[in-house]
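>>> just a sequence and a predicted model for now, questions to come.
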Amino acid sequence: MKSGFVVPTDLDPIERHPKAVGPGERMRMHNHMCYGCGEDSPNGLHLEIYAGEGFTIRASMEVEPHFEGGPGVLHGGILTTAFDDVMGMAPLLVGPSAVTVHLEVDFLRPIPVGSTLELSATLLGRQRRKLYTEGVAHIGDPDQPVAVAHAIFVSINAREHFAEHLDKSQISDEYKQRLSRP
Ligand SMILES: CCCCCCCC(=O)SCCNC(=O)CCNC(=O)[C@H](O)C(C)(C)COP(=O)(O)OP(=O)(O)OC[C@H]1O[C@@H](n2cnc3c(N)ncnc32)[C@H](O)[C@@H]1OP(=O)(O)O
């Protein structure tokens, strides 16, 4: 597998946050209108995302007919979106919210419509505010990945980061309340 992504060799060690979701438990939904994991997003992927052991995250996704890109196969952008969301949950195992600054995907094999895609993410370590993650997807045989992804997330202060955009949220009132709590 060829990947141009370079994971720094001097990443700082990470520790699971004492309040992080336990292994096997569903990750808390960060936004119920999120296109990736929000259960109320009208056209979203509705990913159910679970914490794994250590610094891992996992999710399954049914490859629905309307996710088609090439004939009979999953659209690459949909797969990338799924990776973004599943990998984006990994930083929550060690601390506060983080947003994607870099995401790249190696597409190894076509993913047929009708298959069940198993996605996993591992938080590799941090360097200051940057959190490095790796994602893997397979459709049955974990030893035969269909795609591999690498991403960098940067931790943010959610209140400040989203402040000027809250009015555009589909649930702006809820968010304004949530982010105004001390
Ligand atoms: C729980 C949530 C799950 C959600 C899953 C979905 C996740 C998403 O899709 S989030 C949406 C997409 N992402 C965004 O909108 C983020 C847009 N970017 C930004 O707002 C800003 O770049 C922001 C706030 C993240 C960082 O800006 P700022 O605070 O000024 O920090 P800045 O100094 O530029 O960067 C911090 C570090 O990241 C590095 N960095 C920034 N961008 C990149 C990049 N594209 N590639 C590599 N490194 C980068 C910087 O070099 C710096 O590293 P170092 O510590 O070595 O100096």
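Perfect, thanks for sending it.
>>> all contacts plus neighbour counts: C-alpha atoms, from now on.
Fine.
>>> what comes into contact with the host helix or strand of residue 50?
The secondary structure element spanning residue 50 is strand 48-51 (assigned by DSSP states H and E). Counting by C-alpha atoms under 8 Å, 6 or more residues apart in numbering, strand 48-51 makes contact with 21-27, 37, 57-60, 86, all of which sit outside it.
>>> any bit of it sitting next to the ligand?
No: no part of strand 48-51 sits near the ligand under the criterion C-alpha under 6 Å from any ligand atom; the closest distance found is 10.4 Å.
>>> buried residues, the longest strand along the chain. List them.
With DSSP state E setting the assignment, residue counts place strand 116-127 as the longest strand in the chain. Buried residues in strand 116-127, counted by 16 or more other C-alpha atoms under 10 Å: 116-126.
>>> quick one: residues contacting residue 85.
Neighbours of residue 85 in contact, by C-alpha under 8 Å, 6+ apart: 36-37.
>>> how about residue 104?
5, 149-151.
>>> quick one: list the elements packing against the longest strand of the chain.
For strand 116-127, the helices and strands in contact under the criterion 3 or more C-alpha pairs under 8 Å, 6 or more residues apart in numbering; DSSP states H and E are strand 56-62, helix 76-89, strand 130-138.
>>> thank you kindly, that will do.
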